[in-house]
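Student: Quick check, what structure comes out for this input:
(chains A and B)
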Amino acid sequence: MPSLIKDRLIVDKPSPPELVVQPDDDLEALAGQLPGLAVVAVNFPKYADGRGYSIGRLLRERYGYKGELRATGVVALDHLQAMAQCGFDAFELRDGENAQAALAGLDAFSEAYQSSTAQSVPLFRRRAGR
Amino acid sequence: MYIYDDIDQRMVDERVAQFRDQTRRFLDGRLAEDDFRQLRLRNGLYIQRFAPMLRIAIPYGLLSSKQLRKLADIARRFDRGYGHFSTRQNLQLNWPKLEDVPEILAELATVQMHAIQTSGSCVRNITTDQFAGVAQDEIVDSFVWCELIRQWSTFHPEFNYLPRKFKIAVNGAEADRAATFVHDIGLHAVKDGDEVGFKVIVGGGLGRTPIVGHVIREFLPWRHLLTYLDAILRVYNRHGRRDNIHKARIKILVKDRGVDKFREEVDAEWAQLKDGPATVTADEIHRIEGRFTRPAYEKLADVDYTSLKTPFAAWLRRNVHAHKVPGYAAVSISLKKTGVPPGDATSDQMERIAELADHYSFGELRVTHEQNLVFADVRQAELHGLWLALRALGLATPNIGLLTNIISCPGGDFCSLANAKSIPVAEAIQRMVEEKRDSLDYLHDIGELDLNISGCMNACGHHHVGHIGILGVDKNGEEWYQVEIGGNQAPASLGKVIGPAFARAEVPNVIERLIETYLELRDSENERFVDVVHRAGVEPFRNHVYAKPDQRPADRRQALAA
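Tutor: So this is what the prediction gives:
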């Protein structure tokens, strides 16, 4: 069983997701199901397949999904912070990825320039008047 | 220069720490080679033919003398004492050691520099007009907008793993000197009354499928710039092809969808983002403007050099450019001396150039996409002194805009992607000119001529938009060169191949014949090579180049085989 990091904790026996979103799924068609769901996963099929980042933001920001948003597939230490910025709060690490070490990946940067799910107000609006 | 605040500095420092950790994990065997590849690429580090190559970002081509001294120092300590200025206004080192790269990045961070996103499938260095801020035809100072976009694109969490690399160019003047029609996104500043906005061009590019970009919005008011970029990038990130690396650029998505459908998709996405928190504020634009150093211009009169007829006058004519402030001029420093690979500079030269920048141009300089350097703010009265100093360094070749100002990728001497060498071809063409009895007259008589060389179809040497473009191709393991003519950077047009490819030794002769054809056909000196190609077509050039029996491809091959 691969490790799951949820809310910055390592979870031993995660519940399976109720829905796994694939990168080319039509989100508009899935949107109706979201309100009743508690655990939705988004699959990252390859290390460098970035579609899931946009999907995460859309599920949170456009479709208002509030439950657990889990990144699954090829998910590794160096992905975690950007995924968290895009609305993911749970990370099912790929096989062989050390969960304890991976936690550090959430804190590589102390600030971000852009508007994102985690921080909708971009740095330039917070910087004003400094 | 844009001067970092504490947050900008922290981001770069944290990036160094992150890459140091990633490199350590890779060297310890805790990070697989394929994964590390993605991470090192996003820090400019390639594994090349003979050694790693590190591409250092020079955001929008702007450098301070202090930064240039640091680059000289790094090239000397960690490399072989020289660097290569690239067509994307960056600096490439060809021989650093992998394990030294975190230290190099730490050194760069001390002078507010980095190698962030200079390779990999992400938003790359933003490029612009080398005369930004000083051009007489300025609409806006494009540096300010480039910096806004630089910050937006730096570690953008949603767009770090795009289908393919993504290049954005910004032009702030009437003339397009940033090649906005051959970038993934080109932004061309326009004014509607007093309001600044941008014409948005999408889906241009060179490479193996050269395409001139499409205007998808005639006027995007400035405050919507970032939300609109977010919308374009999101459509591309979600729907760009990931199954075939050669079909993965945004130009293919735009082509497959059709421009109108693509525009509709972007607009639908933008409708959700427009006027949201990422809407640009006037405060931010003022903040960025305020963090740029500005030259303290004096009130000076223009100097009249028109009556001169000396080598200095030739340099004035080719390498000195008009400035918006009276009494000042912009100066191109040619890195295209015969025998030196185009764009190369040694550490010693960089240090001397830094001194000259301090003395003559407020301590700043720019890197051009033609692989030259520019001092943007030189007092006209000091041009002669600067010329003497540059000449002593071998940096006063009066060839800007002329045949020998060749754009060339590093090619097969350095690059593992190349099919053929580029640098020796550039040198052979420069020698062909130099060996003529009246080489300077010959060069100036031909007039404006862009000759661009790429060692493979990835087109780093921009051969499609050269008036003459040369492309290295591989035929059964041999290096051959295809020649195209009629390309142009702005207004953008793509060259047409004149016929079968040539062996390397034949290329200078082919160029000579193209020029003979041009001189024969031109109406006057005012009709440039590229104008003649557009007027008369490729045919007369082709006929002359392939004219004699011994020039026919079949015979040439027989002769070569014998």
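
Student: For the residue lying closest to B:Lys336 once chain neighbours are set aside, give me the pLDDT.
Tutor: Leaving aside its sequence neighbours, B:Lys336 sits nearest to B:Asn405 (Cβ to Cβ, 6 or more residues apart in numbering or on different chains; 4.9 Å). Where C-beta positions appear, they are placed from N, C-alpha and C, glycine not excepted. Predicted confidence (pLDDT) for B:Asn405: 93.

Student: tell me the contacts of B:Asn405?
Tutor: Counting by Cβ atoms under 8 Å, 6 or more residues apart in numbering or on different chains, B:Asn405 touches B:Ser334, B:Lys336, B:Glu370, B:Asn372, B:Asn399, B:Asp450, B:Leu451.

Student: Recalculate using a threshold of 7 Å.
Tutor: With contacts defined as Cβ atoms under 7 Å, 6 or more residues apart in numbering or on different chains, the neighbours of B:Asn405 are B:Ser334, B:Lys336, B:Glu370, B:Asn399.

Student: Same question for B:Val433.
Tutor: Contacts of B:Val433 (Cβ under 7 Å, 6+ apart): B:Leu403, B:Thr404, B:Ser439, B:Tyr442, B:Leu443.

Student: what about the fourth one, how many residues close to it?
Tutor: To tie it back to what came earlier, the one meant is B:Tyr442. By the criterion of other Cβ atoms under 10 Å in any protein chain shown, B:Tyr442 has 17 neighbours.

Student: And for B:Asp194?
Tutor: So B:Asp194, with other Cβ under 10 Å, has 5 neighbours.

Student: How about A:Glu97?
Tutor: A:Glu97: 19 neighbours (other Cβ under 10 Å).

Student: B:Asp302 now?
Tutor: B:Asp302: 13 neighbours (other Cβ under 10 Å).

Student: what's the nearest residue to it once chain neighbours are set aside in contact with, if anything?
Tutor: Spatial nearest neighbour of B:Asp302, chain neighbours left out: B:Pro326 (5.4 Å); criterion: Cβ to Cβ, 6+ apart. Contact analysis of B:Pro326 by Cβ under 7 Å, 6+ apart lists B:Leu300, B:Ala301, B:Asp302.

Student: Can you tell me the SS state at the closest residue to B:Ala505 other than its chain neighbours?
Tutor: Using Cβ to Cβ, 6+ apart and skipping residues adjacent in sequence, the residue nearest B:Ala505 is B:Ala428, 7.9 Å away. Secondary structure, DSSP: H, G, I helix; E, B strand; the rest coil: B:Ala428 is helix.

Student: B:Ala428 contacts B:Pro508, correct?
Tutor: Yes: using Cβ atoms under 7 Å, B:Ala428 makes contact with B:Pro508 at a distance of 4.9 Å.

Student: circling back to that earlier point, going by neighbour count, which of the contacts of B:Asn405 are buried?
Tutor: Of the members of these, the ones counted as buried by neighbours, 16 or more other Cβ atoms under 10 Å in any protein chain shown, are B:Ser334, B:Lys336, B:Glu370, B:Asn399.

Student: Nearest to B:His534 among those?
Tutor: B:Glu370 (21.2 Å; Cβ to Cβ).

Student: residues in contact with residue 70?
Tutor: I'll assume chain A. So A:Arg70 contacts A:Pro17, A:Val39, A:Val40, A:Ala41, A:Phe88, A:Ala90, A:Glu92 (Cβ under 7 Å, 6+ apart).

Student: Chain B, not that one
Tutor: Listed by Cβ under 7 Å, 6+ apart, the contact partners of B:Lys70 are B:Glu107, B:Leu108, B:Val111.

Student: longest single helix anywhere in chain B?
Tutor: helix B:6-27 (DSSP state H).

Student: Now do the buried residues in the helix or strand following that helix.
Tutor: In the C-terminal direction, the helix or strand that comes right after helix B:6-27 (DSSP states H and E) is helix B:33-41. Of the residues in helix B:33-41, B:Asp35, B:Phe36, B:Arg37, B:Gln38, B:Leu39, B:Arg40, B:Leu41 count as buried by neighbour count, 16+ other Cβ under 10 Å.

Student: that older thread, please name every helix or strand in contact with the longest helix of chain B.
Tutor: Contacting helix B:6-27 under the criterion 3 or more Cβ pairs under 7 Å, 6 or more residues apart in numbering or on different chains; DSSP states H and E are the following elements: helix B:33-41, helix B:101-109.

Student: Adding mean pLDDT and distance to B:Leu27, write the ones you listed out as a markdown table.
Tutor: Output for those, formatted as a markdown table (pLDDT from 0 to 100; distance: least, Cβ to Cβ, whole Å):
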| stretch | mean pLDDT | distance to B:Leu27 |
| --- | --- | --- |
| helix B:33-41 | 95 | 9 |
| helix B:101-109 | 98 | 10 |
